[in-house]
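*Asks:* need a 3D model of the sequence below.
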Amino acid sequence: MTTLKPLADRVVVKPAPAEEKTKGGIIVPDTAKEKPVWGEVVAAGPGRVSDDGKHIAMEVKVGDRVLYGKYSGTEVTIDGEELLIMRESDIFAVMPKK
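*Replies:* As a prediction, this is how the structure comes out:
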């Protein structure tokens, strides 16, 4: 992957793959697949600057598994890999590691 360096409070997230089958074993066609709402942070910016000029560090870091809104971020394709670029505020939670 090309090295991306997000600015301010933006993060680059690699979305989790869409489910191919339901828990009952039914194969889901491409047109019916739900967009994933979680993924892994692959790059994070340095943080934002507050109105009074203080630096506010990021709470998420590279490698974190995060939950985000269904329609959050901007979809980009870099070197054939689909990624999302979003603000840290679009992230709802950090998931525990497996």
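*Asks:* the spatially closest residue to residue 65 that is not a sequence neighbour: neighbouring residues, count only.
*Replies:* In space, residue 65 comes closest to residue 95 once its chain neighbours are excluded; the distance is 4.1 Å by C-beta to C-beta, 6 or more residues apart in numbering. To be clear about C-beta, it is placed using only N, CA and C from the backbone, and glycine gets the same treatment. As a burial measure, residue 95 scores 13 neighbours (other C-beta atoms under 10 Å).
*Asks:* residues touching residue 95, list them.
*Replies:* Residue 95 is in contact with 38, 64, 65, 66, 67, counting by C-beta atoms under 8 Å, 6 or more residues apart in numbering.
*Asks:* and the residue nearest the centre of the chain, how far from residue 47?
*Replies:* Computing the C-alpha centroid of the chain and ranking residues by C-alpha atoms, centre = their mean puts residue 13 first, at 2.9 Å. Noted for residue 13: a distance of 17 Å to residue 47, by C-beta to C-beta, to the nearest Å.
*Asks:* same question, residue 85
*Replies:* In this structure, residue 85 lies at 16 Å from residue 47, with C-beta to C-beta as the measure.
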